[in-house]
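*Asks:* Whatever this is, show me its structure:
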Amino acid sequence: MTIVDQTGREYRPEHKVSVEHQLEKGDVFELSTLFQSKAIKRLPEKFGPPHPPIDYAENTSVQITGPTGTPKQISTREFYVASLEERTRYPAALIVLMEKIEAIEKEASVKGKPTETPPDCQLKAEDR
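*Replies:* Numbers count the residues shown, from 1 in each chain. Now for the predicted structure:
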């Protein structure tokens with residue numbers, strides 16, 4: 001989807017935010033325990049969408065590297081837009097994992113520091 005402003009300039013309403021955030025020790029322990037659980041280890045690699053996408057497709061991929069160094073990837077489509085009824089079709093471990101990731105993302109967006117400055121926020125030489 002493209003948005004056209006009054007001057008005829010085209011924009012895409014998507015954006016990317018990149019921040020760094022250090023988790024508390026308790027959160028790190030909780031995540032470590034969750035990642036090592038049998039329920040997470042048994043999750044399949046891919047989960048299809050609960051319904052066909054309407055305007056856009058949302059994909060989420062999580063890669064977990066265990067203590068042995070073996071990575072496990074879990075991918076979902078349209079997870080966050082699924083209704084409560086649709087979420088009952090997912091395994092409980094996936095719901096817990098995705099809710100934990102969402103909580104970390106929210107905390108990082110509030111407390112994290114930007115890893116890169118967007119071009120439209122950088123000072124130009126003539127502005128200094």
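*Asks:* any idea where the helices of this protein begin and end?
*Replies:* 25-35, 38-41, 84-87, 92-111 (DSSP state H).
*Asks:* so which of the ones you listed comes closest to Ile64?
*Replies:* Closest to Ile64 of these, according to CB to CB: helix 25-35, at 4.9 Å. No exception for glycine: its C-beta is placed from N, CA and C like everyone else's.
*Asks:* List the contacts of that closest one.
*Replies:* Here helix 25-35 makes contact (CB atoms under 8 Å, 6 or more residues apart in numbering) with Leu23, Ile40, Ile64, Gly66, Val96, Leu97, Lys100, Ile104.
*Asks:* Could I get the contacting residues of the fourth one?
*Replies:* Shown here is Gly66, whose contacts under the criterion CB under 8 Å, 6+ apart are Phe35, Gln36, Lys72.
*Asks:* Can I get those in a markdown table including distance to Ala57 and neighbour count?
*Replies:* Rendered in a markdown table, the data for the contacts of Gly66 read as follows (distance: CB to CB, whole Å; neighbours: other CB atoms under 10 Å):
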| residue | distance to Ala57 | neighbour count |
| --- | --- | --- |
| Phe35 | 26 | 16 |
| Gln36 | 31 | 12 |
| Lys72 | 23 | 14 |
